[in-house]
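**Q** how does the following fold in three dimensions:
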Amino acid sequence: MTPHINAKKGEIAKTVLMPGDPLRAKFIAENYLQDVKLVNEIRNMFMYTGTYKGKPVTIAGGGMGCPSIGIYSYELFKFYDVDNIIRIGSAGSYKKEIKIYDLILATEAFSENSVFTELVLGVAKEVVLPSQTLNDKLIASAKKLGKKLELGRIHSSDVFYSSVPLEKRIERTQSLAVEMESYALFTNAEKLGKKAACILTVSDNLITNEESSAEERQNAFRDMMEVALEIL
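**A** Okay, the predicted model is just below:
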């Protein structure tokens, strides 16, 4: 056990799907898994282990921002012997043509704040990479399910309410969309010799100002959940 996870050894699967919202973890577990067990509830950061088509998987909330997912992903990799973590989250599109509910697969994560990599890796990096092995599996899964993936760089921002003009953020980051967690996840995977990936559903478009409601997102995010589950 750790200060943040009270699951016992053996209660966490080798592959973890990690939404930010613990209630989304609950939704996935209840709607897709069999033989489900709640294995963590410290701070209401719910984690569930069960099987999908007979294969073990854990669905674990990761929280908001790099510090939160940084703690949970590190502890899962380091102390629970997890091999793979796939973030399944939401993002704001930086491109007019990438619309709400489109799926994005991160090929790299960019952050203006390289302090996280400096502290974890000992060297400052603006860009960190996911596992190509996991990305290839996610691409194959999406193709099998007939789901289109947009591939490219994502912006992992530490600030939700930024005073920097949107056009400057887009020019600086050269990214398809913005979220807040993948930079830390990919960094921890690199540090510990593990695999990480990130598939995102566009919840709003920052260019066109299209938005979705929380209820709409819950249903629309099923495509992303199914693409991730099908790699097991």
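
**Q** please enumerate the helices of this structure.
**A** 22-32, 66-79, 115-121, 132-145, 166-173, 182-192, 214-220, 222-229 (DSSP state H).

**Q** the fourth one: how far from the chain's middle?
**A** So that's helix 132-145. Its chain's average C-alpha position is 15 Å from that of helix 132-145, according to CA atoms, centre = their mean, to the nearest Å.

**Q** show me what it is packed against.
**A** Applying 3 or more CB pairs under 8 Å, 6 or more residues apart in numbering; DSSP states H and E, one finds that helix 132-145 contacts strand 84-93, strand 103-110, strand 149-156, strand 195-205, helix 222-229. (Each C-beta comes from the backbone N, C-alpha and C, glycine too.)

**Q** what angle separates that helix from helix 182-192?
**A** Here helix 132-145 points in a direction 130 degrees away from that of helix 182-192 (axes from the mean of the first three to the mean of the last three CA atoms, to 10 degrees).

**Q** quick one: buried residues of stretch 180-188?
**A** Of all the residues in stretch 180-188, those buried under the rule 16 or more other CB atoms under 10 Å are 180-188.

**Q** just put the helices and strands packed on helix 132-145 in a markdown table and tack on mean pLDDT and distance to Thr173.
**A** As requested, the helices and strands packed on helix 132-145 are exported to a markdown table (pLDDT from 0 to 100; distance: least, CB to CB, whole Å):
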| stretch | mean pLDDT | distance to Thr173 |
| --- | --- | --- |
| strand 84-93 | 97 | 12 |
| strand 103-110 | 98 | 5 |
| strand 149-156 | 98 | 4 |
| strand 195-205 | 97 | 15 |
| helix 222-229 | 96 | 22 |
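
**Q** from the contact counts, what lies against the lowest-mean-pLDDT helix or strand in the chain?
**A** Ranked by mean pLDDT, DSSP states H and E, the weakest helix or strand in the chain is helix 214-220, scoring a mean of 72. Judged by 3+ CB pairs under 8 Å, 6+ apart, helix 214-220 is in contact with strand 195-205.

**Q** tell me the pLDDT of the closest residue to Lys26 other than its chain neighbours.
**A** Nearest-residue entry for Lys26: Phe46, 5.4 Å, with adjacent residues in sequence omitted and distances by CB to CB, 6 or more residues apart in numbering. pLDDT, Phe46: 98.

**Q** I'd like to know how many residues surround Phe46.
**A** 20 (other CB atoms under 10 Å).

**Q** quick check: phi and psi at it.
**A** phi -70, psi 140 (degrees, to the nearest 10).
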